[in-house]
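Engineer: Got a sequence here, can you model it:
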Amino acid sequence: MATGYYITARVSKFPLDYAVSSEEAQALLKHHQAVHPDATIEPMDSYFERSRAETLTLFPLSRITRRFYEAMLGVLPPQYMSGVAGFFLSEAVTERIHAQFIEYNGRTYGGYADLARETRRIWTIADIVALESQAGDYTPTLDWFPAD
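Structural biologist: Numbering: from 1, shown residues only. Sure thing, here's the model as predicted:
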């Protein structure tokens, strides 16, 4: 369990500051609110949970082009997990979130997966079947990572 506090603001992708105690966080907050009126104090655990959830939404399970899929095979050494569909990029996006790529039924798919033990979310063939059951004629096929 992480301890401490971050000072965060919507305009910054990363924390503005770190404090060990709530008293120190209050003092830093006053300092940062002069520049960032929306600055707030966020416990580290809350910050990491929010950050993980936001990162996962940037690249949900999606159809991708074969070109995208094959490019990912050559970017970094692919990592495989026993009993898990597809492969993962060996370098994490952040913390334990990795891009996962799967080939199934003649199509290719990708999305961010959370490999942390306590919050694990890995894509499965059942997820692909569910995605395809909801897909329509105009479901986009991504040719590269979505812009954040």
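Engineer: which of the residues in stretch 113-122 are buried?
Structural biologist: By 16 or more other C-beta atoms under 10 Å, the buried positions in stretch 113-122 come out as 113-115, 122. In short, each C-beta sits where N, CA and C put it, glycine included.
Engineer: now, which of the residues you listed sits nearest Ser22?
Structural biologist: The nearest member of those to Ser22, counting by C-beta to C-beta, is Asp114 at 29.0 Å.
Engineer: Show me how the chain divides into domains.
Structural biologist: Domains of the chain are assigned by automatic domain parsing as 5-55, 59-142.
Engineer: Please work out which residues outside stretch 119-129 touch it.
Structural biologist: The contact list for stretch 119-129 (C-beta atoms under 8 Å, 6 or more residues apart in numbering) reads 52, 56, 61, 81, 84-86, 100, 102, 104-105, 109, 111, 113-115.
Engineer: And those residues, which of them are buried?
Structural biologist: With burial judged by 16+ other C-beta under 10 Å, the buried subset of the contacts of stretch 119-129 is 52, 56, 61, 84-86, 100, 102, 109, 111, 113-115.
Engineer: Beyond the helix or strand Leu56 falls within, next helix or strand please.
Structural biologist: Per DSSP states H and E: Leu56 is located in helix 44-58. Next helix or strand after helix 44-58 toward the C-terminus (DSSP H and E): strand 62-64.
Engineer: So which of the contacts of stretch 119-129 sit within helices?
Structural biologist: Members of the contacts of stretch 119-129 lying in helices (criterion: DSSP state H): 52, 56.
Engineer: What ranges does the chain have for its strands?
Structural biologist: 5-8, 17-19, 40-43, 62-64, 78-79, 87-89, 97-104, 107-114, 141-142 (DSSP state E).
Engineer: Could you export those to TSV, including columns for distance to Glu70 and mean pLDDT?
Structural biologist: Compiled in TSV, those are given as follows (distance: least, C-beta to C-beta, whole Å; pLDDT from 0 to 100):
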stretch	distance to Glu70	mean pLDDT
strand 5-8	38	96
strand 17-19	41	96
strand 40-43	40	96
strand 62-64	10	96
strand 78-79	11	94
strand 87-89	12	96
strand 97-104	10	97
strand 107-114	8	97
strand 141-142	14	90
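Engineer: Let's have these in JSON lines, adding distance to His32.
Structural biologist: Below are the strands of the chain laid out as JSON lines (distance: least, C-beta to C-beta, whole Å):
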{"stretch": "strand 5-8", "distance to His32": "5"}
{"stretch": "strand 17-19", "distance to His32": "6"}
{"stretch": "strand 40-43", "distance to His32": "9"}
{"stretch": "strand 62-64", "distance to His32": "37"}
{"stretch": "strand 78-79", "distance to His32": "39"}
{"stretch": "strand 87-89", "distance to His32": "35"}
{"stretch": "strand 97-104", "distance to His32": "27"}
{"stretch": "strand 107-114", "distance to His32": "30"}
{"stretch": "strand 141-142", "distance to His32": "37"}
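Engineer: Sweet, I'm off.
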